[in-house]
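Enquirer: just to be clear, the model below is a prediction. Sequence and coordinates:
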Amino acid sequence: MESLLYGLLNWIAANPGWAYLFVGAVALAESLAVVGMIVPGVIMMIGAGALIATGTLGFWPTTLAAVVGAVAGDGISYWIGHHFRGRIRGWWPFKRYPQQLDRGVVFFKRHGAKSVVFGRFFGPGRAVIPLVAGMMQMPPARFIAANVSSALGWAPAYLAPGIVFGASLKLAAEAAARLAILLVLLAVLLWLAIWTARNLYRLLSPHASSWLQTLLRWADVHPKIGRVAQALADPEHPDAATLAALALSLIASTAVLGISIGAGLFGAKDLAVNQVTLDLGQSLHTPLSNHIMVGLARLGDPLVTAPMTLATILYLLARGHRRDAGYWLATALFALVATPTVGWLLREPRPDLGLALHWPWSFPSGQVLSATVVYGFLAVNLARSMPLRWRWLPYATATVLIGATALARLYFGTEWLTDLVGSTALGLAWTAALGLALYRHARPIPHWAGLAGTALLSATAAFTAVTLARQHHDIAAFAPHPPPCAITAERWRGRTHLPVASHREDLWRQNQRPFDLQYAGALDQLAAALSPSGWTPAHMLDWQNAIKLLSPSLPLTELPVLHHIHDGRHEALALVKDLAPDQRLVLRLWSTTCEINGEAPLWLGTVTSLRKDSIVDLIALPITETGSDPSAVVLEWDLKQAPEITVDPGQPPLVAPRRNGLLAD
């Protein structure tokens, strides 16, 4: 896929004329009557904007092609409407779907010539308005003026999101590709969770009773159990659909739970799917991602769910719903008791990452189990009292919260994937069982908005308090702690089987840049030694200086330096050397767990050249040069000129302060 993409980009760069012709054809089709209803012109224009940001296409030729195509498309539609007039109503698809044309006529009558301009951007049936303008005999001169003026604004407006997206991809590729991919994954999974919950609820509600009855007849259950189960699926019961859906959820989650436990008994760490997801989660680590995912993991923290549960119980008691409060107490106690009990019985070990977590077992995950029973049971409580058309919303919200908690735990590698699935299934089984009892034995709560508000406010307050008090502590707890290593100076000088990385870790472990040097000693000593040669501390990109990226006129040396990531961490030291206004070298060092002779910490470094990449004369990005790069030679020369530093040439060079004798012969 990657080679195919690069091949396509190279072909477009080599044949830009065809690309501009394609953009014009897309703009024409997107503006053409009927055709514009099915052509995904907006998406294609955004894609063209992304190609502009990468430098594959030029901004002005692409804009001109889009304007010409849009003007031609609207012009053809206007001519068709002006020439055929009322006969168009007998054509397909307007003969079968006349409402589209009727809405366009109403819109045109209301706004007149302005409808051509408005319709270009957001009017009802963008591809129908020019057709209607012709049918209504709008004067050609007025139409041409509206057509051309709107196209001049439309083309840049529709290319702009793609340009911003392409610039973001460039920025992500330079500094935070992992973060960008993680955010895209979160957005996709969020949408998928909402879509799944909504459509699954709409699918189960009307059919759950008949499916459950079929299942019961097929299973030929025990007479007494059968009578109870048939009552749950009684179509005359006012809550038959919900009861049957809960029963099906109980059956399905129990089956998934059994499969998950079986996988654990056979060895969760030996399953390929567990290893793949563990490696993927670890490969996405960045400092900012860690802060985001710690927050998501906290959604299932008992310090958040317990106060919300307590507030909910107090609210129900105050409203006289004692039975409902009892069910909530059962919900909380189940998560509290099941986690240590089942964990101690099965004793499934966590992934061996050296995390500073007190509980050693992977199944069940206390946070995921807590999130499932609390948020799931809250959804059951709210849905039975809400209007029918909105009952899917609590389930979708609970799905998002539970999924976010599980995804965060998977990201940090605290549990195996199969154990997270099993923990969710265990929580769903208990939630479904309580939901069945709740629907059969407790009256609905008429003031569901008060219950929702109480849960939301208490959970938000608890989440905020825990975040302020434990954010840094939790990040440290979720950080892997590999065992320290000790290396003798002789072994280090020999460069044989050193337990450190030889390349900076890339997301897909492709195009990895080798480390240009290894340094043993204090960072301030190295910075002081290189200072006479022009190396100074780099001004890294932050919220205060990010505005400079919107000043393409600034020289490269005045732009902030973007962070690079190795092993999920930013560089510990970044120094720059400016050779000219448009030439800059950057030295970056990352820490390791190793010490030389038990006294000097070992650091891994890269030195790279930067170039200024300007996007449409609006955005400037300092991008790392690829290919042949003499920067390592410059750095090695500067190191040799520093009297306080000893350099052992080789691949990579070994550097240490002269007085510690680590590189002495």
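Expert: Noted; the coordinates are in hand. Computed from a predicted model, the values in this text were never measured in an experiment.

Enquirer: for residue 537, give me its contacts.
Expert: 527, 574-576 (C-beta atoms under 8 Å, 6 or more residues apart in numbering). Quick note: C-beta positions are derived from backbone N, CA and C, even for glycine.

Enquirer: let's see that with 7 Å instead.
Expert: By C-beta atoms under 7 Å, 6 or more residues apart in numbering, residue 537 lies in contact with 527, 575.

Enquirer: what is the least confident helix or strand in this structure?
Expert: Ranked by mean pLDDT, DSSP states H and E, the helix or strand of the chain with the weakest confidence is helix 223-232, at a mean of 45.

Enquirer: tally of neighbours for residue 367?
Expert: Per other C-beta atoms under 10 Å, the neighbour tally for residue 367 reads 26.

Enquirer: which one is it nearest to, not counting chain neighbours?
Expert: Once flanking residues are discounted, residue 367 sits nearest to residue 300: 3.4 Å by C-beta to C-beta, 6 or more residues apart in numbering.

Enquirer: what about residue 414, which SS state?
Expert: coil (DSSP: H, G, I helix; E, B strand; the rest coil).

Enquirer: wait, isn't it in contact with residue 358?
Expert: No. Counting by C-beta atoms under 7 Å, residue 414 does not reach residue 358; the two are 11.7 Å apart.

Enquirer: all helices of the stretch 301-450 of the chain, in order?
Expert: Using DSSP state H, counting those that start in this stretch, the helices of the stretch 301-450 of the chain run over 302-318, 322-346, 366-383, 392-412, 417-441, 448-478.

Enquirer: one step back: next up, phi/psi of the residue nearest to residue 367, please.
Expert: The phi/psi pair for residue 300 (degrees, to the nearest 10) reads phi -100, psi 10.

Enquirer: look up how far residue 331 lies from it.
Expert: Using C-beta to C-beta, to the nearest Å, we find residue 300 at a distance of 14 Å from residue 331.

Enquirer: and these two? Which one has more around it.
Expert: More neighbours surround residue 300 than the other of residue 300 and residue 331, with 29 against 26 (other C-beta under 10 Å).

Enquirer: quick one: pLDDT of that one?
Expert: Residue 300 is assigned 91 on the pLDDT scale.

Enquirer: from residue 333, how far out is it?
Expert: 17 Å.

Enquirer: now swap in residue 271 and tell me
Expert: Relative to residue 333, residue 271 is positioned 32 Å away (C-beta to C-beta).

Enquirer: these two: which is more packed in?
Expert: Higher neighbour count among residue 271 and residue 333: residue 271, with 16 against 12, using other C-beta under 10 Å.

Enquirer: quick check: longest strand of this protein.
Expert: Taking DSSP state E as the criterion, the chain has its longest strand at strand 600-615.

Enquirer: need the helices of the stretch 301-450 of the chain in CSV with distance to residue 523, can you?
Expert: Output for the helices of the stretch 301-450 of the chain, formatted as CSV (distance: least, C-beta to C-beta, whole Å):
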stretch, distance to residue 523
helix 302-318, 37
helix 322-346, 43
helix 366-383, 37
helix 392-412, 28
helix 417-441, 39
helix 448-478, 21
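
Enquirer: the ones you listed: lowest mean pLDDT?
Expert: Set side by side, those give their lowest mean pLDDT on helix 417-441, at a mean of 79.

Enquirer: okay, buried residues for that one please.
Expert: Of the residues in helix 417-441, 417-436, 438-439 count as buried by neighbour count, 16 or more other C-beta atoms under 10 Å.

Enquirer: got it, and stretch 610-617?
Expert: By neighbour count with 16+ other C-beta under 10 Å, stretch 610-617 contains the buried residues 610, 612-613, 615-616.

Enquirer: reformat the residues you listed as a markdown table; add pLDDT and distance to residue 78.
Expert: As requested, those are arranged in a markdown table below (pLDDT from 0 to 100; distance: C-beta to C-beta, whole Å):
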| residue | pLDDT | distance to residue 78 |
| --- | --- | --- |
| 610 | 89 | 51 |
| 612 | 87 | 45 |
| 613 | 82 | 42 |
| 615 | 78 | 36 |
| 616 | 74 | 32 |
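
Enquirer: now, among the residues you listed, which is nearest to residue 634?
Expert: Residue 634 has its nearest neighbour among the buried residues of stretch 610-617 in residue 610, at 13.2 Å by C-beta to C-beta.

Enquirer: who has more neighbours, residue 414 and residue 358?
Expert: A count of neighbours by other C-beta under 10 Å puts residue 414 above the other of residue 414 and residue 358, at 25 against 5.

Enquirer: give me the distance between the more buried one and residue 150.
Expert: 54 Å.

Enquirer: likewise residue 134?
Expert: According to C-beta to C-beta, residue 134 and residue 150 sit 16 Å apart.

Enquirer: please apply the same query to residue 107.
Expert: Computed as C-beta to C-beta, the residue 107 to residue 150 distance reads 14 Å.

Enquirer: so for these two, which residue has more residues nearby?
Expert: residue 150 (22 against 18).

Enquirer: quick one, the helix or strand harbouring the more buried one and strand 600-615 angle?
Expert: Take DSSP states H and E as the rule and residue 150 turns out to sit in helix 140-171. Orientation check (axes from the mean of the first three to the mean of the last three C-alpha atoms, to 10 degrees): helix 140-171 against strand 600-615 gives 170 degrees.
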